[in-house]
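# This is a predicted model, with the sequence first.
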Amino acid sequence: MKGLSIPVALLIMLILFLAILIPAFIIFNQLNAYSAQGNIQGSIYQNQQEYQNEQVFKGDPNIYYNASPSQPSLVFTYNSIPTPFNLSKIYYFDGTQWVPVQTESITIDGYIKYPLPTQVAGYPIIIVTSLGNVYFLNPNTSVVTVTISQGQGKIPIYISAYVKNGSKLIPVSILVTLQSSSGGQIISGLTPQIFTVTPGSYLLDDVNGSIIYLSSYGLTAKFLNWSLIGYGSLTYPDKLDTQFDVYGPLVITAVYNASLEKFKVTIMPNNLPLGENITSQYNGETLVLSAVNKTIPVTIDNKVYYINSSGLTLTLTYGYHIIEFPSYYNITFNYTLKQGSANSNKILFNVSYGQINCYEFTGLSSSTSKISVISGNTIFVNGSGTVYGNYQQYQTYYLVIVKNDFILPPGCTLDSNTSPVLGDIAGEQLQINGVYTWGPIKNFVPQEFYVKAGTTYEVTYDYLHPAPYGKYVVSGTCYVSLLSYPWFITIYSSTYYYGQTYYLEGNTQPGISFTANSPLIIINGEEWLYGGTQSPNQWGGGF
C-alpha cells in the first residue's frame, strides 16, 4: 500500500495542476482578445471621426449658422448623397460661459433648417457630434471655414477671445502661448487659433496682459476669465496664465469685459488759425490774412472728424484712445492790404489764396491729470477734460501770378485775326535766375504757383514771341504772322501795390530783381512790331 501512495499522489497533483493551468490559459487568451478587440474598436472610432471631419470639410453636410436676431438657425445642406449626421450637443457663448441649448441627440439626413433659441442670435456657437467632433461657428459663418480637424492621434484645441461690451460680443485677436506642463517647446499664435496636442496637462498664457485696447471701437477691456467647453478641465480660470487638462476636443475662450464708464473729452487744435482773421501792421498799413481752411481732419479711434478751432467734444469711455492729428498741415489765406485801419474800405493790394503757412505737429497735451498722454498719439482717459493737438509754423509760401499783356503800336488797329493777339496771350515767357521759365501757357489764363518766402529772383531773359501762322489784318495790311518785342515788366506786391515798372530795351535787361516778401503779380508787356507778309520767317518790316 505504501508503494502505491506515491503514484497516486503524483496523479492527484497532475489533476490539480491541469485544473488551474487550463482555466488560466483560457482567461489570459480572452483578455488578449478583448484588448485587441478594444484597439480595433478604438481605431475604427478614430477613423470614423476623421472621416466625418473630411466630409464636413468637403461640405457634406455644409453647416451654416444663420444668426438672424428673430429666427437664428443651423442650415444643413449636402453636395452629394446625404449620410446621417448625429448631433449630441449645441452650446452658445453668452459672454461669460458656454451655455447648452440642445442636449438631446438629433440625426440630420438631408436638407434641414434647424431652429435655435432667439437668445443665441449674435453669439458664437459650438456643435458636438456623437463621434466627439467639435465644430465652432461665429455668427453667419459656415463650418467649412472654421472646422476643427485633427491629425493622427492628436486632439484639437480651439482658443478664441471675446470682449463683452454690454450685450454685445466683439471677437479679438490676442497672443497666447501653449506648453506642456512637463516642459518642452512653447508654441504661440493669435486667436482664433487651433492647436493639436496629445492628451495631457498644458500651460496656457495670455501674453497681451490684463488690459487690452480695441482701437476700432475706442474701447478698453480688462481680462475677466477663461471659459472652457469640451473634454477637459481648467485649473485657474481667473488667471491670465492658467493650466488645463485635455482628453478630447476642447474650446477655450478668453473673456474680457469692456469698461463702459464715459467722460466728456474735447479735442482741439492749438496754434492753428482755422477760419480766423489775422491782423498786423505792414509799413503803416493794415494787413489782413483771412484763413480759407475752416477745419482740420483728425482721426479718433479710427474714425475721421473735421474739427474747427473751437474743438470737438466727444463722449469717450474709460481707458486708451488714439487721437491722430496730421503730421503736417497747411493753411491758405486770402491776402489783403488795407489803407489805414482794418475797418478801412480802401484796399491797396488783394490776392485771393495769396499766402500759405505750413505747420508741423509737435504732440498732444492735456488740460487735466485725468487724461494722460501715453505716447505720440495715445491717451488714457480717466476723467473729463481737453486734449490739444499742438502745432508750430515752420514755413511760409507766397502766390506768384504771371500774366502777359500784348498790345499794338500806337496808331495801329487790328482789323481781323485768326488767333488772339491782344491781352494775356500764352507763349511769351520770362527766364528767371537763368533756370526757371515763368509765363502763361494758355490764352487768358495767368500762370499761378507758390514760392518760398524770402527768396530773391532775377529776370535774365525775355523771349520774343511770334503769333501762330494765320491771317492778321493790321491797319489794312494782311500778315501771315506777327512778331513781338519786349516792352515792360511790372511787379505788384505789398510794398509796391501801385506797381514797380521796368521798361525794356531788348531781350536782356540786367538789374530787374525782386524778393518774395508777399504775393507777387508780374505783368510782362509785349508790343507787336513786325509782320510777316509771305511766311512766318520772312518779316515784311515794322508796322
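Noted; the coordinates are in hand.
# Which parts of the stretch 151-300 of the chain are strands?
Along the stretch 151-300 of the chain, the stretches classed as strands by DSSP state E, counting those that start in this stretch are 155-165, 168-171, 175-180, 187-190, 193-197, 200-206, 211-214, 219-234, 241-258, 262-270, 277-282, 285-291, 296-300.
# closest to L348 out of the ones you listed?
The minimum distance between L348 and the strands of the stretch 151-300 of the chain falls on strand 285-291, with 6.3 Å, by CB to CB. To be clear about C-beta, it is placed using only N, CA and C from the backbone, and glycine gets the same treatment.
# still on that earlier bit, just the strands of the stretch 151-300 of the chain: most buried one?
Ranked by mean neighbour count, those are led by strand 155-165 with a mean of 23 (mean count of other CB atoms under 10 Å).
# and that strand, C-alpha only, in CSV?
Only the C-alpha atoms of strand 155-165 are listed here, as CSV (Å, rounded to 0.1, in the frame of the first residue of the first chain):
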residue,chain,number,x,y,z
ILE,A,155,-6.6,66.4,-30.1
PRO,A,156,-7.8,69.8,-31.4
ILE,A,157,-7.9,72.7,-29.0
TYR,A,158,-9.7,75.8,-30.3
ILE,A,159,-8.7,79.0,-28.5
SER,A,160,-10.8,82.2,-29.0
ALA,A,161,-11.1,85.6,-27.3
TYR,A,162,-14.1,87.9,-26.9
VAL,A,163,-14.7,91.3,-25.4
LYS,A,164,-18.0,91.7,-23.6
ASN,A,165,-19.4,95.1,-24.5
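# Please identify the buried residues of the longest strand seen in the chain?
Looking across the chain with DSSP state E, the single longest strand is strand 385-407. Buried residues in strand 385-407, counted by 16 or more other CB atoms under 10 Å: 385-391, 396-406.
# Let me know the average pLDDT across it.
In this model, strand 385-407 has a mean pLDDT of 97.
# helices or strands up against that strand?
Secondary-structure packing of strand 385-407 (3 or more CB pairs under 8 Å, 6 or more residues apart in numbering; DSSP states H and E): strand 262-270, strand 347-366, strand 371-373, strand 447-452, strand 520-535.
# at 7 Å what do you get?
strand 262-270, strand 347-366, strand 447-452, strand 520-535 (3 or more CB pairs under 7 Å, 6 or more residues apart in numbering; DSSP states H and E).
# which one of those strands lies closest to G476?
Set against G476 and scored by CB to CB, the helices and strands packed on strand 385-407 come closest in strand 520-535, at 11.7 Å.
# Could you list the paired strands of that closest one along with their orientation?
Strand 520-535 has its sheet partners listed here by DSSP bridges as strand 385-407 (parallel), strand 481-492 (antiparallel), strand 538-542 (antiparallel).
# Could you list the buried residues of that strand?
520-532.
# likewise stretch 369-383?
I371, V373, N377, T378, I379, F380, V381.
# so what's the second one bridging to?
Spelled out, it's V373. I379.
# In this structure it contacts S367, no?
No - the pair V373 / S367 is not scored as a contact, 11.3 Å apart, by CB atoms under 7 Å.
# What is the burial count for the nearest residue in space to T242 that is not next to it in sequence?
Using CB to CB, 6 or more residues apart in numbering and skipping the chain neighbours, the partner closest in space to T242 is Y236 (4.4 Å). Counted with other CB atoms under 10 Å, the neighbours of Y236 add up to 13.
# How about the one 3 residues further on?
Neighbours of K239 under the rule other CB under 10 Å: 16.
# what's the pLDDT at it?
Note on K239: pLDDT of 94.
# same question, the one 3 residues further on
Note on T242: pLDDT of 94.
# how close does it sit to K222?
Plainly put, T242 is 16 Å away from K222 if you go by CB to CB, to the nearest Å.
# again, but for P326
From P326 to K222 the distance is 33 Å (CB to CB).
# about what we covered before: right, so of the strands of the stretch 151-300 of the chain, which gets closest to K89?
Nearest of those (CB to CB): strand 219-234, 9.0 Å.
# can you tell which of the strands paired with strand 520-535 is closest to G248?
For G248, the closest of the strands paired with strand 520-535 is strand 385-407, at 51.4 Å, according to CB to CB.
# Can you name the next helix or strand after the closest one?
strand 414-417 (DSSP states H and E).
# Against which helices or strands is that following strand packed?
strand 472-474.
# who touches the strand it packs on?
Residues from elsewhere that reach strand 472-474 (CB atoms under 7 Å, 6 or more residues apart in numbering): L408, C412, L414, D415, S416, N417, V421, Y479, L482, G531, F543.
# show me what contacts the third one?
If a contact means CB under 7 Å, 6+ apart, then L414 has L408, V421, L422, V474 as its contacts.
# and of these, the nearest to N308?
L422 (46.2 Å).
# Am I right that the closest one is in contact with F406?
Yes - look at L422 against F406 with CB under 7 Å: they come within range, at 5.6 Å.
# Mind putting the strands paired with strand 520-535 into JSON lines with distance to Y450?
JSON lines is the format used below for those (distance: least, CB to CB, whole Å):
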{"stretch": "strand 385-407", "distance to Y450": "4"}
{"stretch": "strand 481-492", "distance to Y450": "16"}
{"stretch": "strand 538-542", "distance to Y450": "39"}
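# Would you tell me which of those strands gets closest to I229?
Of all the strands paired with strand 520-535, strand 385-407 sits nearest to I229, with 42.9 Å by CB to CB.
# Pull the closest one out as CSV, backbone CA atoms only.
What follows is strand 385-407, C-alpha atoms only, in CSV (Å, rounded to 0.1, in the frame of the first residue of the first chain):
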residue,chain,number,x,y,z
GLY,A,385,-11.1,117.4,-20.0
THR,A,386,-9.5,118.8,-23.1
VAL,A,387,-6.8,117.3,-25.4
TYR,A,388,-4.8,119.7,-27.5
GLY,A,389,-3.1,118.9,-30.8
ASN,A,390,-0.2,121.3,-30.8
TYR,A,391,1.4,122.9,-33.9
GLN,A,392,4.2,125.2,-34.8
GLN,A,393,4.7,127.1,-38.0
TYR,A,394,7.8,126.3,-39.9
GLN,A,395,7.5,127.8,-43.4
THR,A,396,5.6,130.4,-45.5
TYR,A,397,4.9,130.4,-49.2
TYR,A,398,3.5,133.3,-51.4
LEU,A,399,1.5,133.0,-54.6
VAL,A,400,3.0,134.3,-57.8
ILE,A,401,0.7,135.3,-60.6
VAL,A,402,2.3,135.8,-64.1
LYS,A,403,0.4,137.5,-66.9
ASN,A,404,1.2,138.7,-70.4
ASP,A,405,0.0,142.0,-71.9
PHE,A,406,0.2,142.2,-75.7
ILE,A,407,-0.5,145.5,-77.5
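# As a check, name the ranges of all helices in the stretch 51-200 of the chain.
143-146 (DSSP state H, counting those that start in this stretch).
# List the buried residues for stretch 62-76?
Buried residues in stretch 62-76 (16+ other CB under 10 Å): N62, I63, Y64, Y65, N66, A67, P72, S73, L74, F76.
# Closest one of those residues to S210?
S210 has its nearest neighbour among the buried residues of stretch 62-76 in A67, at 29.8 Å by CB to CB.
# could you list every residue that touches that closest one?
A121, G122, P139, N140.
# quick one: low-confidence ranges for the stretch 51-200 of the chain?
144-153 (pLDDT under 70).
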